[in-house]
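Colleague: From the sequence below, what's the structure:
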Amino acid sequence: MTAEYKVHGDVAVITLNNPPVNGLGLATRRALVAGLTQAQADAAVKAIVITGAGKAFSGGADITEFGTDKALAEPSLHTAIAAVEQCAKPVIAAIHSVCMGGGLELALGCHYRVAAPGCSVALPEVKLGLLPGAGGTQRLPRVIGVEAALNMIVSGEPVKSEFIAGVPGQKLFDRLAASPESLAEEALAFARSVAEDHAKGGPLPLVRNLPCKHPQGDAYFQFARNMVKGMAKNFPAPAKCVDAVEAATKGKFADGLAAERDLFIQLMWSSESRALRHLFFAERAASKIPDVPADTPLRAINAVAVIGAGTMGGGIAMNFLNAGIPVKMLEMKPEALERGVATIRKNYEAQVAKKKLKQDKYEQRMALLSTTLDYADLKDADLVIEAVFEDIGVKEAVFKQLDAVCKPGAILASNTSTLDVNKIASFTARPQDVVGLHFFSPANVMKLLEVVRGDKTAKDVMATVMVVAKKIKKTAVVSGVCDGFIGNRMIEQYGRQGGFLLDEGCTPAQVDRAIEKFGFAMGPFRMGDLAGNDIGWAIRKRRYVEKPDMKYSKTADLLCERGRFGQKTGAGWYDYLPGKRDAIPNAEVEQMIAEHRQALGITPRKISDEEIVQRLVFSLVNEAAHILEEGIANKASDIDVVYIFGYGFPVHRGGPLNYANEVGLFNVAAAMQRFAQNPLDDANFWQPAPLLARLVAEGKQF
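Modeller: Prediction:
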């Protein structure tokens, strides 16, 4: 049973028990309603307490049922809440730990609420592109006021129970228990006292009967709409939350409930909500590796070493310092170490100045950092991460040293972004201990971590690094070994398309503008300037030797020959003023592109934003299909996670493969066949990947 029924003297206690967060799935809703019916039929029972087992009252709807028949099956959450409200005996919610979403809506349907201190209270539906759909937008404003309720609903952020209990005039909690431990006892005592009062006659209190108004009315809601529009331009849910709360202030409770229901259904079918729900599951699924069981024993990681104190090495070190894990940083020269430590200090001091970090925390973190110039000092490290120059010869020297000094069982990781992890592993006598940990720059900010699994990487190494990633607050995705892994292998195709678009008639600003309007954080040319155009140049030079038949636009090479490497040189595809990141179009660069076109005998044409977006995005999709086919990525959703958290793909579109599903794979393949006809593009590349062609033929999705 997912809800237990027990009688304590004259009080029945219904305990929701559906781990981990007592989600209100169909079985739990049925058991809850059955418990209410049983309590009403028992003359000895004078009051009913609803609570949650384990570490939650209830985290809300069971999202594994979203989109299935169970989500809509009766008793729905609305029906269950109505059963609570209509109960002739007082129903008391005993709330603790987590009370969110449908859990809070259920509590609001109870006649009384007793809360333990330290409980996180929230209506987080907006984070899935939805709004509370079981009366949350109608009942919460009645107990904490319209503005406080709207802030909670639009942000989706949790608020602590003791904070709410301290707000004058709040009616959410009738009592705050002395401690989480005493909640059960205090709730029973409270239930008995209200049962006595109720026996004297009079109706039971219902939240739905409380008044709901805002003194400024229309003016306040207009202000709220303007605020929300500025903050959430690509997401419809926050604006609909405003509409739903406004409906609570306008008419009868039942009308407000009906309006909330309509808005909820509109959002449920929106592409934005589908994208957010897809990402919610994708992020959780990314940490599961098909052939590495959940109970794989882990290696202890109590001490970390980082080779290289540059921007990357320093950023990587900060992740571990933030998590309370000691780090030893190694460099070849004392001045390089000093520079690296100074940068880490500067980063932390900036956080202290902005009040994002307390002084004592900053000191604790710096105390965990030590430095060395000698590999022998790394003998006790459990995990070593190298962040040295991206050159196989340099990596070889580092890994041979590590192999000589590190203790048996230490995990040796490379932060390479393109090099062969199997080759790197072969420089040691312990390839099973070698793994790729590709951090994204800036490493102390970006959430993505590509975990590159070599042919010989041990399963316990994989299990351990996935757990470590969680500890340092990264979203880890597993990739097999190939050139560029998942992210950079795909971005190369995207960059190639950007180059062809310049050859055919676009300016860098036009391409960037189109893809940024689509929702990307930045277009390919602004991204190149940020990363450094010389990095792409080095990769292309390698390609010209390894893959002479791979076609590129020569404009990027011409740019680099002029020393325009991007923001670091103040000039790339755009110009940059000292200390500013604003991209200023440069007439000479546009002239250079035009002259190159002329030299190739190309007549420029007008290219629509739609074509720009499709060529850039569908190039990612086709390469992703090859990556899936080759088993480099475990599942399509992993690729979406990489692109959302590492490459600024628009969140409201759910990643490249989710977006392709939304557009329809038939339409994607048709566009590819169109691009293959373009003599200035790469016809070979635009042949739909076998997996994509197969899915189209079978009418399936990624």
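
Colleague: Okay, helices next: where are they in the stretch 151-300 of the chain?
Modeller: Taking DSSP state H, counting those that start in this stretch as the criterion, the stretch 151-300 of the chain carries its helices at 161-165, 183-199, 218-231, 237-250, 253-268, 271-286.

Colleague: Deepest-packed of these, please.
Modeller: Burial of those is given as mean neighbour count (mean count of other Cβ atoms under 10 Å); helix 237-250 ranks first at a mean of 23. Backbone N, C-alpha and C define where each C-beta goes, glycine included.

Colleague: Mind listing residues that contact that helix?
Modeller: Helix 237-250 is contacted from outside by 125-126, 129-132, 137-138, 141-142, 146, 149-150, 153-154, 212-214, 217, 221, 224-225, 228-229, 231-232, 255-256, 259-260, 263, 266-267, 270, 272-273, using Cβ atoms under 8 Å, 6 or more residues apart in numbering.

Colleague: hmm, who's touching stretch 168-187?
Modeller: Contacting residues not belonging to stretch 168-187 are listed as 49, 51, 92, 94-97, 108, 112-118, 121, 140, 142-145, 161-162, 164-165, 190, 207, 210 [Cβ under 8 Å, 6+ apart].

Colleague: is it true that Trp686 touches Val668?
Modeller: No. With contacts counted by Cβ atoms under 8 Å, Trp686 stays clear of Val668, the gap being 11.1 Å.

Colleague: want to try TSV for the helices of the stretch 151-300 of the chain, with mean pLDDT and distance to Leu448 as columns?
Modeller: Shown next, in TSV, are the helices of the stretch 151-300 of the chain (pLDDT from 0 to 100; distance: least, Cβ to Cβ, whole Å):
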stretch	mean pLDDT	distance to Leu448
helix 161-165	95	33
helix 183-199	95	40
helix 218-231	92	24
helix 237-250	97	25
helix 253-268	96	28
helix 271-286	94	10
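
Colleague: Now those helices in CSV, please, with extra columns for distance to Gly308.
Modeller: Output for these, formatted as CSV (distance: least, Cβ to Cβ, whole Å):
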stretch, distance to Gly308
helix 161-165, 44
helix 183-199, 51
helix 218-231, 39
helix 237-250, 43
helix 253-268, 47
helix 271-286, 27
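
Colleague: Show me the one of the ones you listed that comes nearest Lys355.
Modeller: Smallest distance to Lys355 across the helices of the stretch 151-300 of the chain (Cβ to Cβ): 19.3 Å, for helix 161-165.

Colleague: who does that closest one touch, helix- and strand-wise?
Modeller: The elements that helix 161-165 packs onto, with contact taken as 3 or more Cβ pairs under 8 Å, 6 or more residues apart in numbering; DSSP states H and E, are strand 112-115, strand 120-122, strand 175-176.

Colleague: rerun at 7 Å
Modeller: On a contact count with 3 or more Cβ pairs under 7 Å, 6 or more residues apart in numbering; DSSP states H and E, helix 161-165 meets strand 175-176.

Colleague: For Ala300, report the pLDDT, please.
Modeller: Ala300 is assigned 97 on the pLDDT scale.

Colleague: Please state the backbone phi and psi of it?
Modeller: Dihedral pair for Ala300: phi -70, psi 130, per degrees, to the nearest 10.

Colleague: One more: Phe440?
Modeller: The phi/psi pair for Phe440 (degrees, to the nearest 10) is phi -110, psi 150.

Colleague: And Val98, by the same measure?
Modeller: Here is the backbone geometry of Val98 (degrees, to the nearest 10): phi -130, psi 130.

Colleague: Spit out the contact partners of the residue nearest to it when sequence neighbours are not counted.
Modeller: Nearest residue to Val98, sequence neighbours excluded (Cβ to Cβ, 6 or more residues apart in numbering): Ala56, at 3.9 Å. Contact analysis of Ala56 by Cβ atoms under 7 Å, 6 or more residues apart in numbering lists Val21, Asn22, Ser97, Val98.

Colleague: looking at these, which has the most residues close by?
Modeller: Asn22 (28 neighbours; other Cβ atoms under 10 Å).

Colleague: Pretty sure Lys551 sits in a helix.
Modeller: No. Counting by DSSP: H, G, I helix; E, B strand; the rest coil, Lys551 is not part of a helix but coil.

Colleague: if you skip the residues just before and after it, what's nearest to it?
Modeller: Asp682 (4.9 Å).

Colleague: surely the one you found meets Met550?
Modeller: No. Checked against Cβ atoms under 7 Å, the pair Asp682 and Met550 is beyond contact range at 8.2 Å.

Colleague: how near is Lys407 to Ile301?
Modeller: 13 Å (Cβ to Cβ, to the nearest Å).

Colleague: swap in Lys250?
Modeller: 56 Å.

Colleague: Look up the closest residue to Ala191, ignoring the ones flanking it.
Modeller: Nearest to Ala191 is Ala47, by Cβ to Cβ, 6+ apart, at 3.9 Å.

Colleague: ah, wrong one, I meant Asn209
Modeller: Phe253 (7.7 Å).

Colleague: ok, that neighbour to Leu130 distance?
Modeller: From Phe253 to Leu130 the distance is 21 Å (Cβ to Cβ).

Colleague: Show me what whichever strand or helix holds Arg674 is in contact with.
Modeller: For Arg674, the host element (DSSP states H and E) is helix 665-676. Contacts to helix 665-676, defined as Cβ under 7 Å, 6+ apart, come from residues 614-615, 618, 621-622, 660, 681, 683, 686-688, 692-693, 695-696, 701.

Colleague: Drop anything exposed from those residues.
Modeller: Using 16 or more other Cβ atoms under 10 Å as the burial test, the contacts of helix 665-676 include Gln614, Arg615, Phe618, Val621, Asn622, Ala660, Asp681, Trp686, Pro688, Leu692, Leu695, Val696 as buried.

Colleague: Tell me which helix or strand in the protein has the weakest average pLDDT.
Modeller: Ranked by mean pLDDT, DSSP states H and E, the weakest helix or strand in the chain is helix 69-72, scoring a mean of 86.

Colleague: After it, which helix or strand is next?
Modeller: Later in the chain than helix 69-72, the nearest helix or strand by DSSP H and E is helix 77-85.

Colleague: Distance from that next one to the middle of the chain?
Modeller: 33 Å (Cα atoms, centre = their mean, to the nearest Å).

Colleague: in that helix, what counts as buried?
Modeller: For helix 77-85, the neighbour count (16+ other Cβ under 10 Å) marks Leu77, His78, Ala80, Ile81, Ala82, Ala83, Val84, Glu85 as buried.

Colleague: Next secondary structure after that helix?
Modeller: strand 91-95.

Colleague: and that next one, which strands flank it?
Modeller: Strand 91-95 sits in its sheet next to strand 47-52 (parallel), strand 112-115 (parallel), going by DSSP bridges.

Colleague: Specify the stretch among those strands that is closest to Pro431.
Modeller: Among these, strand 47-52 comes nearest to Pro431, with 47.7 Å by Cβ to Cβ.

Colleague: got the buried residues for stretch 506-513?
Modeller: Those buried within stretch 506-513 under the rule 16+ other Cβ under 10 Å are Cys506, Thr507, Pro508, Ala509, Gln510, Val511, Asp512.

Colleague: Confirm that the first one sits in a strand.
Modeller: No. Assignment of Cys506 by three-state DSSP gives coil, placing it outside any strand.
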